[in-house]
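Engineer: make a model of this:
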Amino acid sequence: MISDKLPNISVVVPTRNRPKELAELLQTILHQNYLPSEIIIVDDSLECSAKSVASLYSPNFKSVDCDLKYVSGNGDGLPAARNLGVHVAKGEVILFLDDDTLLPDKNVLRIMAEFLGKNINVLGIQPLIISPNNSITRNGLVNKLENAIYKVLMLTYHRDNTLAVRRSGASIYPNSLSKIIRAQRLSGCCCCYRREIFKQFKFDTNLKRWGFMEDLDFSYRVYKKFPKSLCVIPYAKIVHKHTIEGRLATKMTIYMSTIYWFYIFFKDIFERSILNLVAFIWALMGNLIASTGGLILKRKP
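Structural biologist: Model prediction:
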């Protein structure tokens with residue numbers, strides 16, 4: 001049954017050492033024309049605590065009947081912070097936002113709430129995620145060549161109106177998005193799930209720190225159990241800044257991401273077929289080449 005009443009939203013924002021970015025995000029949420037019932041900041045900061053930011057904005061949100069809650073995380077990483085936020089949340093719908101995202105369109109939360117209200121079989125959604133220069137399209141000659149190479153190597157590449165998981169465990173992201181699409185996975189920087197999902201699924205706390213592929217792990221498990229339950233809606237847009245503060249150094253990122261990729265592949269992707277395994281090994285080789293090339297290019301003369 002479709003309800004005219006919009007579902008109330010709990011926003012969960014895991015944060016780590018990014019008080020400036022967090023404040024900018026909260027400011028854009030405050031300007032939404034449909035506000036969440038609560039915002040839960042889960043703070044894993046070792047320095048630059050987010051508590052002062054929460055205290056600063058709490059009266060502003062209270063004045064519009066939105067409860068801003070500050071929760072100190074346990075330092076176990078992004079998946080643990082997400083689970084803690086879910087535990088505290090009371091809303092019918094839980095929206096996860098990275099601390100380096102922005103909601104410049106004041107209609108985003110209303111659009112997402114209305115979509116879930118009208119589509120009762122949809123369990124999870126995400127908006128169109130764009131870069132700060134208002135683009136997701138990769139049409140330059142160099143980008144097209146890189147995209148073609150990554151496609152052949154079974155690595156992550158871009159294709160119009162697609163958000164899917166490859167045999168290798170890599171992803172296909174939308175190069176452009178002109179319609180509502182069914183997805184096989186959702187992006188962690190901005191994803192929204194009905195509360196009942198969390199009775200069956202949790203974020204995997206074996207993935208520590210920033211939890212590479214934790215979003216794929218969670219959403220792909222939902223997709224496998226409930227096919228056609230995940231959607232991307234192009235007329236709601238958010239900005240992901242990909243702030244470098246708080247991220248690991250390049251070499252450590254390559255090391256950790258490779259370990260987590262092994263873990264996620266054999267946990268979620270591997271279907272005990274030779275083609276599946278060959279695709280994974282081929283992608284690992286391609287990733288090694290791409291990563292090594294990137295490190296050489298970044299090395300100072």
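
Engineer: next secondary structure after the longest strand seen in the chain?
Structural biologist: In the chain, with assignment by DSSP state E, the single longest strand is strand 230-240. Next along the chain after strand 230-240, taking DSSP states H and E as the criterion, comes helix 250-264.

Engineer: C191 should be in a helix, yeah?
Structural biologist: No: in this structure, C191 is strand, not part of a helix, as judged by DSSP: H, G, I helix; E, B strand; the rest coil.

Engineer: residues contacting it?
Structural biologist: Shown in contact with C191 (CB atoms under 8 Å, 6 or more residues apart in numbering): 95-96, 124-126, 215, 219. For every residue, glycine as well, the C-beta is placed using N, CA and C.

Engineer: of these, which is the nearest to Q27?
Structural biologist: Each of the contacts of C191 was scored against Q27 by CB to CB, and L95 proved nearest at 16.7 Å.

Engineer: how far away is the closest residue to the closest one other than its chain neighbours from E214?
Structural biologist: Spatial nearest neighbour of L95, chain neighbours left out: C192 (4.4 Å); criterion: CB to CB, 6 or more residues apart in numbering. Separation of C192 from E214 (CB to CB, to the nearest Å) stands at 16 Å.

Engineer: of those two, who's got more company?
Structural biologist: Applying other CB atoms under 10 Å to C192 and E214 shows that C192 carries more neighbours, namely 26 against 23.

Engineer: surely that one touches I111?
Structural biologist: No: between C192 and I111 there is no contact under CB atoms under 8 Å: 10.7 Å.

Engineer: where do the strands of the stretch 1-150 of the chain begin and end?
Structural biologist: If DSSP state E, counting those that start in this stretch is used as the criterion, the strands of the stretch 1-150 of the chain fall at 9-15, 38-43, 67-72, 93-97, 101-102, 124-130.

Engineer: just give the number of residues close to R82.
Structural biologist: Using other CB under 10 Å: R82 sits among 26 other residues.

Engineer: contacts only, for it.
Structural biologist: Listed by CB under 8 Å, 6+ apart, the contact set of R82 reads 12, 14, 42, 96, 203, 214.

Engineer: can you check I40 too?
Structural biologist: I40 is in contact with 10-13, 69, 71, 85, 88-89, counting by CB under 8 Å, 6+ apart.

Engineer: measure the closest residue to S58 other than its chain neighbours to V12 for me?
Structural biologist: Leaving out its chain neighbours, the residue that sits closest to S58 by CB to CB, 6+ apart is L68, at 4.5 Å. Distance, L68 to V12, using CB to CB: 12 Å.

Engineer: with M213 instead?
Structural biologist: From M213 to V12 the distance is 19 Å (CB to CB).

Engineer: who's more crowded, those two?
Structural biologist: Between M213 and V12, counted using other CB under 10 Å, the more crowded position is V12 (26 against 22).

Engineer: what sits against the residue nearest to that one when sequence neighbours are not counted?
Structural biologist: Distance criterion CB to CB, 6+ apart; nearest residue to V12, sequence neighbours excluded, is G85 at 3.3 Å. Going by CB under 8 Å, 6+ apart, G85 touches 10, 12-14, 40, 42, 71, 94, 96.

Engineer: can you do 7 Å?
Structural biologist: The contact partners of G85, by CB atoms under 7 Å, 6 or more residues apart in numbering, come to 12, 14, 40, 42.

Engineer: farthest-separated two in these?
Structural biologist: The two members of those with the most space between them (CB to CB) are P14 and I40, at 9.3 Å.

Engineer: thinking again about what came up before, what's the closest of the contacts of C191 to G75?
Structural biologist: Among these, and counting by CB to CB, the member closest to G75 is F96, at 18.6 Å.

Engineer: and the closest residue to F115 other than its chain neighbours, bridged to which residues?
Structural biologist: The shortest distance from F115 to any non-neighbouring residue, by CB to CB, 6+ apart, is to I233 (5.7 Å). Counting by DSSP bridges, I233 is bridged to P127.
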